[in-house]
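Visitor: generate a structure from the sequence data that follows.
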Amino acid sequence: MEVLRIHLDSREARNAFDILMPYLSGEVFHVTRECNYSKIISSGFILPNAGTQQTSFGFSTNSYFRNKGCISVFDYRCIDDPEPKSHMYKCLPTAPLTPASGIAIFILESEVDNLLLSWEGWKSEDLSQMVVPYVEAGYPGPLPLKMVKQVLIVTKDKTSDSYVDMLEQMIINERKSRAQTPGRDLRASAAASRLAEIIGQA
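Guide: Down below sits the predicted model:
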């Protein structure tokens, strides 16, 4: 199992998701806070959350895969297809990444693929539960580390310019809206792209 440490400086931190995408595209992976990494390595397993602990993506007893005793994973195998691409901004793997708390991304071996539970069962079971369509899947039970091919330990510096932070959030929101609403006002999309260029030059 390869372990790769990636530290993002204040400029790179603004584009953490885009920087990590070359590692994540086409893969299935689990994300947790860096503080959980040592415990996972010691145990030899990634364990399901029984619903009593806060997760890296918030606390919810209404999570579809958690309630099935599964470990939630990101399924980016077909991330460039229209449906996954339209939903991926609903929950980014970099969401828990802060200057105070890094993240550990466990990229799984392809042998895991046939063991995954699809999100589509949610449609016929309980629509009130939380799931991210097309980009979330579940691994049933403890996940042994022998199923992990690479771990990315990602940390970042604090972005120095709060105004730039605000513009970055505007860009993220615009990209989400663009992905969810094909054919929307092209002028708004162009404006967001221009803002991204300006920030990159700052």
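
Visitor: and the biggest strand by length in the chain, what does it pack onto?
Guide: Scanning the chain for the longest strand, with DSSP state E as the assignment, gives strand 148-156. With contacts taken as 3 or more CB pairs under 8 Å, 6 or more residues apart in numbering; DSSP states H and E, strand 148-156 sits against strand 2-8, helix 16-24, strand 103-108. (C-beta placed from N, C-alpha, C; glycine too.)

Visitor: residues contacting the longest one, please?
Guide: What it means is helix 16-24. Outside helix 16-24, the residues that touch it by CB atoms under 8 Å, 6 or more residues apart in numbering are 6, 8, 12, 74, 76, 79, 92-94, 97, 105, 107, 150, 152, 154, 156.

Visitor: secondary structure class for the residue nearest the centre of the chain?
Guide: In the chain, the centroid-proximal residue (CA atoms, centre = their mean) is residue 93; its distance is 1.5 Å. Put simply, residue 93 is coil when judged by DSSP: H, G, I helix; E, B strand; the rest coil.

Visitor: which of the helices or strands spans the closest residue to it other than its chain neighbours?
Guide: Of all residues beyond its chain neighbours, the one nearest residue 93 is residue 31 (4.7 Å), with distances taken as CB to CB, 6 or more residues apart in numbering. Using DSSP states H and E, the element containing residue 31 is strand 28-33.
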